[in-house]
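Q: Sequence plus predicted model, see below.
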Amino acid sequence: MTIGVAVAGEHAVVHALRVLRCAEILGTGSIGGFAVLAVMADDGAVHYSQTQDGGSHALELDPAWLNYQRAALISSGPHRPEPLQQFLPSLPGIALMTGHRLPNRPTPTGLPLNQLALQTLQQGSSPEHAIQHTVAAYPEYDAGLMTVTADGQIAYANTERVARRPDQHHGAQQYQDKKVAVMLNSIFFAPHLTPHIATLLCDVAWQEPAPSSQTGAMLLTVPDHCPLLPAPHDQIVVDPITATVQCIYTADPFVQHAEGRCVAIQGGCAAVTTDGYVLGTCLHDLLGHKLGDHLQRVLPHHPPLSLIIGAHV
């Protein structure tokens, strides 16, 4: 498993899915396939959504889940062994347990590693102790564990084996009364993004950058029929309140006259507000379907287009 996310706070499900969506857009490798999402209601009940392929866009959500304040997910490439909940077990009223690599590896106790950590939590240990104690007991297991508890605490750690991997990243952030944490491996990013990727993924969890944001990253929606107009310089105009792209300007002569599928904007394009304030630059190319002087999703059944910008990466 290549990415685990845990969130505590209002609209936890939304924030968790934003992190996964950002990793799917910016990353290549084992991503965009299977996914399991777990949410905990205020009464401690746990609910699941899962998919074998399609990642964040294939998860079905009950609207009531948007009000819950605890969420966790795990994802990777497509088609993992059933039952998928073995990768993200839970104890109602106690905690959700995600992670990355193989957190379901069996132990001599008869319990998988992730369920062993849950048991330690149930017995009264703190989240930090439960996670650290479990991974320390099995240093050469190929696993990282992450939990979000019913009372909103988040803890995570890798075994010594996983900590030695050159492609693993992890990070956490708190914004007001919200917390997010992420751990990942085997997902590959543009060289200029790789050193900051865990921080960037945490930053993009919120609709607008937190004051403490180190990357200024934002996940934007590009609505269907977004204006795509010729101009001397590439630029996108953004409404930061709604996190939507209002207009795209391109200097590419091919795109100016194109019809159909095209790269409407390339990475590095400036992103500004309607009054000209510079928010940052686009972190990736934007592929869409051009129809006249408007841009829309590539195919009607595809999800709406998304664009990630950053100020300090």
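A: Everything's here; your move. Numbering: from 1, shown residues only.

Q: What pLDDT is listed against Val313?
A: At Val313, the pLDDT value in this model is 76.

Q: what does Gln207 give?
A: Reported pLDDT at Gln207 in the predicted model: 81.

Q: quick one: the strands in the stretch 151-300 of the chain?
A: 154-158, 169-175, 178-184, 187-188, 218-222, 226-230, 235-239, 244-250, 260-265, 270-273, 278-282, 286-291, 294-296 (DSSP state E, counting those that start in this stretch).

Q: And those: which comes nearest Pro89?
A: Minimum separation from Pro89 across those (CB to CB) falls at strand 154-158, 15.3 Å. C-beta here means a position set from N, CA and C on the backbone, and glycine is covered the same way.

Q: For the closest one, name the packing helices and strands.
A: strand 3-8, helix 127-137, strand 143-149, strand 169-175, strand 178-184 (3 or more CB pairs under 8 Å, 6 or more residues apart in numbering; DSSP states H and E).

Q: can we see that at 10 Å?
A: Helices and strands touching strand 154-158, by 3 or more CB pairs under 10 Å, 6 or more residues apart in numbering; DSSP states H and E, are strand 3-8, strand 95-101, helix 113-122, helix 127-137, strand 143-149, strand 169-175, strand 178-184.

Q: how about TSV for the ones you listed, with mean neighbour count and distance to His192 added?
A: Shown next, in TSV, are those (neighbours: other CB atoms under 10 Å; distance: least, CB to CB, whole Å):
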stretch	mean neighbour count	distance to His192
strand 3-8	30	20
strand 95-101	30	23
helix 113-122	22	34
helix 127-137	19	31
strand 143-149	28	25
strand 169-175	19	15
strand 178-184	26	17
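
Q: In this structure Cys226 contacts Ile236, no?
A: Yes: applying CB atoms under 10 Å, one finds Cys226 in contact with Ile236, separated by 9.1 Å.

Q: between these two, what contacts are shared?
A: Val245, Gln246, Cys247, Ile248, Ala264, Leu286, Leu307 (CB atoms under 10 Å, 6 or more residues apart in numbering).

Q: Three-state assignment for Ile74, please.
A: strand (DSSP: H, G, I helix; E, B strand; the rest coil).

Q: how far does the host helix or strand of Val39 sit from the chain's center?
A: Using DSSP states H and E, the element containing Val39 is strand 35-40. Centroid separation for strand 35-40 versus its chain: 13 Å, with CA atoms, centre = their mean, to the nearest Å.

Q: in its sheet, what does whatever helix or strand comes next after that strand sit against?
A: Downstream of strand 35-40, the next assigned helix or strand under DSSP H and E is strand 46-51. With DSSP bridges as the test, strand 46-51 is paired with strand 35-40 (antiparallel).

Q: hmm, back to that, so which of the helices and strands packed on strand 154-158 comes closest to Gln214?
A: strand 169-175 (9.0 Å).

Q: now the closest one, how far from the centre of its chain.
A: On CA atoms, centre = their mean, the centre of strand 169-175 falls 12 Å from the chain's centre.

Q: Please apply the same query to stretch 157-164.
A: Put simply, stretch 157-164 sits 21 Å off its chain's centre (CA atoms, centre = their mean).

Q: in it, what counts as buried?
A: The neighbour-count check on stretch 157-164 (16 or more other CB atoms under 10 Å) flags Ala157, Asn158, Thr159, Arg161, Val162 as buried.

Q: cool, stretch 203-212 as well?
A: Neighbour-count burial for stretch 203-212 flags Asp203, Val204, Ala205, Trp206, Gln207, Pro209, Ala210 (criterion: 16+ other CB under 10 Å).
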